[in-house]
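Asker: I'll drop the sequence and a predicted model, then ask my questions.
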Amino acid sequence: MTESTGTRLSPQVKMALVALLVGGIAAILDSTMVTLAIRTLAVKLHSTAGTIQWVTTGFLLAMAVAIPITGWAERRWGGKRVWTAALTLFVLASVLCAVAWNDTALIGFRALQGFGAGLIFPLMQTLAVRAAGGKVSSRLMAAVSLPIALGPILGPVIGGVILNWLSWRWLFLINVPVIAAGLLLAWRFLPADHPGSRPPADRPGAPLPVDRPGSPPAAGRERPADLRADRPADRRGDRLGDRLDWIGLALLAPALTGILLGLSQLTEDGGIDHAGVLAPLLAGAVLLAAFIAWASRPRPGGREPIVDVRLLRVRSLGSASAVLFTAGAAMYAGMFLLPLYYQQLRGDSVLDAGLLMIPQGVGALVARFVVGALVDRFGARAVTIAGFLLAAVATAPFALAGPGTSLWWLGAVLLVRGVGVGAVLIPPMSVAYQDVQPAGIPHATMNTRIAQQVGASFGTAIVAVALQSLLGHGATGAFQGAFWWAIGITVAAVVPAVVLPAGERDEPASDGAAVRRHPSDSSPVTR
């Protein structure tokens, strides 16, 4: 399904990417800007820190509920329609957040906004791959992952500017013109797609076909009956494939909610041995195990699970999902600590802390221009490992820094850290789909997105607990110790990166055609 990572993007694909990035950037920036405003919101809405924290927690939990639905919704109504509906829901919720009259209203509207964002994030990746005809390249992934990498870095900068000079309500109103432009671009440039059916043999998780449609079957192999041109599609199977997996959703949505809720309560409840942490974590883990068992069952008749976890047995997707889990943990662990270091230890304002984060954003942007060529030359595995190690080395100066450490020195290492962090997302995303059929693209995207989301919460929770537990040793020692934890998480991320495919290998076939081998099938796949 894939081709060389150096493949150039056509003008049509580029314009579709522009439409997706403009529409999706608001949701990504908003999720990071609001985190910076928690203290301001508590004061302005006459709330407590514990209550107003649900502005971000509710957003996160609603995202967890929405992410598993995206694959079914795209299959049921078509990706372009669902994308437009998700943007519309997000911008309406943004307006409601801007006019919220108290903390309860804001928390409710933020949950609605989070549901829209939970649809937007995986759809952005899925529709980008669809627009490229299923041909995944490092250039494509560099483009589609740009907001995901820059959001946590630029969000605090933009949020700091708004909070310094404007009302907090502009954190949400700024989404209106951006989403309006995204909707217009989506209408004009996203390729039209329609909710279509496919034969059961093209279900996610099915083995890759040996022959191209329309070509003679390979010797010794008979094409499955459902793929024969003279046989109509099984409409009953199609209708079954469009049905929502209610049991799977009832298991997976609360599973993710419980896990993310438990992780978010780690610092507030004083550690993992508290009931407020253990209860949701254990319940989430049990429900997740039940969902995996449910989703792994054979499904005759075209039924699909809400998220097809069977695809994780494919090496490219399974290893990429593991890497994206650790990448999310490493990225957000640092992003949690860095603004706090500037504000609490050095006494910088919210605006100054945001501006001091700019070098990291510049480094992540630079990585986007070079990582494609590096993947072409050295392979996805080597570039990912190098990115993690570079990010770890560039975080070490913060583990040794104090209140008086030179800002010029810290800015320089942040630039390097941005390059490392920006380089670790693209390679696993570019190889994740290489052995996945087009029908499995939405499921593959949901697997990678869930892994990254849970990883981000895991990394943030670990360093938050470390920081809180070390405060007894003084603020400087607490931040230094927490940064060492962040470094440890980043170094540990190298372990799953070792099994990441180096890249797609083409083998010569007997007739001279390029052949790709599926990891779970010994038969060659002619391209």
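Answerer: Structure's in. What do you need?
Asker: so residue 311 makes contact with residue 317?
Answerer: Yes. Between residue 311 and residue 317 there is a contact under Cβ atoms under 8 Å: 5.3 Å. Heads up, the C-betas are built off the backbone N, CA and C, glycines and all.
Asker: what sits up against the helix or strand containing residue 56?
Answerer: For residue 56, the element it lies in under DSSP states H and E is helix 54-66. For helix 54-66, contacts defined as Cβ atoms under 8 Å, 6 or more residues apart in numbering pick out 31, 34-35, 38, 41, 103, 106-108, 110-119, 121, 253, 256-257, 260-261, 264, 453, 457.
Asker: now stretch 457-466
Answerer: Outside stretch 457-466, the residues that reach it (Cβ under 8 Å, 6+ apart) are 60, 259-260, 263-264, 266-267, 271-272, 325, 328-333, 336-337, 481-483, 485-486, 489.
Asker: pull the CA atoms of that stretch into CSV?
Answerer: Only the C-alpha atoms of stretch 457-466 are listed here, as CSV (Å, rounded to 0.1, in the frame of the first residue of the first chain):
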residue,chain,number,x,y,z
SER,A,457,-1.3,11.2,30.2
PHE,A,458,1.1,8.5,31.6
GLY,A,459,4.1,10.7,31.1
THR,A,460,2.5,13.8,32.6
ALA,A,461,1.3,11.8,35.6
ILE,A,462,4.7,10.3,36.3
VAL,A,463,6.6,13.6,36.4
ALA,A,464,3.8,15.4,38.2
VAL,A,465,4.0,12.8,41.1
ALA,A,466,7.8,13.0,41.1
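Asker: distance check, the closest residue in space to residue 145 that isn't next to it in sequence against residue 479.
Answerer: Nearest non-adjacent residue to residue 145, counting by Cβ to Cβ, 6 or more residues apart in numbering: residue 425, 4.8 Å away. Per Cβ to Cβ, to the nearest Å, residue 425 is found 26 Å from residue 479.
Asker: joint contacts of residue 311 and residue 317?
Answerer: Joint contacts of residue 311 and residue 317 (Cβ under 8 Å, 6+ apart) are 436, 444, 447.
Asker: neighbour-wise, which one of those leads?
Answerer: Neighbour counts for the shared contacts of residue 311 and residue 317, by other Cβ atoms under 10 Å, peak at residue 444, which reaches 30 neighbours.
Asker: show the model's pLDDT score for residue 111.
Answerer: Looking at residue 111, its pLDDT reads 93.
Asker: tally of neighbours for it?
Answerer: Neighbours of residue 111 (other Cβ under 10 Å): 20.
Asker: what comes up buried for the helix or strand hosting residue 114?
Answerer: For residue 114, the host element (DSSP H and E) is helix 103-131. Buried residues in helix 103-131, counting neighbours by 16 or more other Cβ atoms under 10 Å, are found at 103, 106-131.
Asker: check stretch 167-186 too.
Answerer: For stretch 167-186, the neighbour count (16+ other Cβ under 10 Å) marks 168, 170-175, 178-179, 182-183, 185-186 as buried.
Asker: with stretch 370-384 instead?
Answerer: 371, 372, 374, 375, 376, 379, 380, 381, 382, 383, 384.
Asker: equivalent analysis for stretch 82-92, please.
Answerer: 82, 83, 84, 86, 87, 89, 90, 91, 92.
Asker: could those residues be laid out in JSON lines, adding distance to residue 403?
Answerer: Below are the buried residues of stretch 82-92 laid out as JSON lines (distance: Cβ to Cβ, whole Å):
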{"residue": "82", "distance to residue 403": "49"}
{"residue": "83", "distance to residue 403": "46"}
{"residue": "84", "distance to residue 403": "49"}
{"residue": "86", "distance to residue 403": "44"}
{"residue": "87", "distance to residue 403": "43"}
{"residue": "89", "distance to residue 403": "44"}
{"residue": "90", "distance to residue 403": "40"}
{"residue": "91", "distance to residue 403": "42"}
{"residue": "92", "distance to residue 403": "44"}
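Asker: can you give me the strands for the protein?
Answerer: Secondary structure of the chain (DSSP state E): strands at 507-508, 514-517, 524-526.
Asker: and the average pLDDT for the longest one is what?
Answerer: Strand 514-517 shows a mean pLDDT of 38.
Asker: what do you get for the first one?
Answerer: Throughout strand 507-508, pLDDT has a mean value of 36.
Asker: which stretches of the stretch 151-300 of the chain have low pLDDT?
Answerer: Along the stretch 151-300 of the chain, the parts satisfying pLDDT under 70 run over 152-153, 194-242, 267-272, 299-300.
Asker: among the shared contacts of residue 311 and residue 317, which are in helices?
Answerer: 444, 447 (DSSP state H).
Asker: and the shared contacts of residue 311 and residue 317, which is closest to residue 144?
Answerer: residue 444 (13.5 Å; Cβ to Cβ).
Asker: residue contacts, the closest one?
Answerer: Per Cβ under 8 Å, 6+ apart, neighbours of residue 444: 204, 311, 317, 432, 433, 436.
Asker: okay, now the second one: neighbour count?
Answerer: For residue 311, the number of neighbouring residues by other Cβ under 10 Å comes to 23.
Asker: and the pLDDT at it?
Answerer: For residue 311, pLDDT reads 87.
Asker: distance of it relative to residue 11?
Answerer: 31 Å.
Asker: and for residue 362?
Answerer: For residue 362, the distance to residue 11 - Cβ to Cβ - is 28 Å.
Asker: the more surrounded of the two?
Answerer: Neighbour totals were compared for residue 362 and residue 11, and residue 362 leads with 17 against 7 (other Cβ under 10 Å).
Asker: leaving out chain neighbours, which residue sits closest to the residue most central in space within the chain?
Answerer: Centroid-nearest residue in the chain, with Cα atoms, centre = their mean: residue 449, separated by 3.9 Å. Closest residue to residue 449 apart from its sequence neighbours, by Cβ to Cβ, 6+ apart: residue 122 at 4.4 Å.
Asker: does the one you found really touch residue 446, like I thought?
Answerer: Yes. Counting by Cβ under 8 Å, residue 122 does reach residue 446; the two are 5.4 Å apart.
Asker: which neighbours do the two share?
Answerer: 67, 70, 71.
Asker: including neighbour count, could the residues you listed go into JSON lines?
Answerer: Shown next, in JSON lines, are the shared contacts of residue 122 and residue 446 (neighbours: other Cβ atoms under 10 Å):
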{"residue": "67", "neighbour count": "26"}
{"residue": "70", "neighbour count": "28"}
{"residue": "71", "neighbour count": "27"}
